[in-house]
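*Asks:* Got a predicted structure plus its sequence, pasted below:
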Amino acid sequence: MDYVTLDPQYIYGHPFQMTMLTNQLRALAGRKLHMQLGVTGIFCPATLSLVASLAKEFPDLSIEKLDREFVIHKILKNKSY
């Protein structure tokens, strides 16, 4: 495995989990697995600045901001009725 992406929101509408995200990143980085670490989610300016603040501790961290409409489309497309 070369890459791990974490989503601190898990499901749209749930609270942002900064403490859990930080702990998970530290645990993965501490294992020295030589993987690229990333964070993804639907970020508002406040949560995006929190994630960006992790760059001091994790300088190679990738941050991917998802579009709300894209996520809703994917959820609806994959939902079975």
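*Replies:* Thanks, I have the structure now. Residues are numbered from 1 along each chain as shown.
*Asks:* For residue 60, see how far away the residue lying closest to residue 1 once chain neighbours are set aside is.
*Replies:* Excluding its sequence neighbours, the residue lying closest to residue 1 (CB to CB, 6 or more residues apart in numbering) is residue 35, at 6.1 Å. All C-beta spots, glycine's among them, are computed from the backbone N, C-alpha and C. The gap separating residue 35 from residue 60 is 10 Å, by CB to CB, to the nearest Å.
*Asks:* Test my guess that the residue nearest to residue 1 contacts residue 28.
*Replies:* Yes - taking contacts as CB atoms under 8 Å, residue 35 lies within contact range of residue 28: 6.9 Å.
*Asks:* which of residue 35 and residue 60 has more neighbours?
*Replies:* Neighbours were counted for residue 35 and for residue 60 using other CB atoms under 10 Å; residue 35 has more, 14 against 10.
*Asks:* mind pulling up the phi and psi values for the more buried one?
*Replies:* As for residue 35, its main-chain torsions (degrees, to the nearest 10) stand at phi -110, psi 150.
*Asks:* if I pick it, what's in contact with it?
*Replies:* Shown in contact with residue 35 (CB atoms under 8 Å, 6 or more residues apart in numbering): 1-4, 28.
*Asks:* now these in JSON lines, with distance to residue 39?
*Replies:* Shown next, in JSON lines, are these (distance: CB to CB, whole Å):
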{"residue": "1", "distance to residue 39": "17"}
{"residue": "2", "distance to residue 39": "16"}
{"residue": "3", "distance to residue 39": "12"}
{"residue": "4", "distance to residue 39": "10"}
{"residue": "28", "distance to residue 39": "12"}
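*Asks:* What is the nearest of the residues you listed to residue 18?
*Replies:* Set against residue 18, the nearest of the contacts of residue 35 by CB to CB is residue 28 (15.9 Å).
*Asks:* And the longest helix seen in the chain, how far out from the chain middle?
*Replies:* Ranked by residue count and defined by DSSP state H, the top helix of the chain is helix 18-30. In this view, helix 18-30 has its centroid 11 Å away from the chain centroid, taken as CA atoms, centre = their mean, to the nearest Å.
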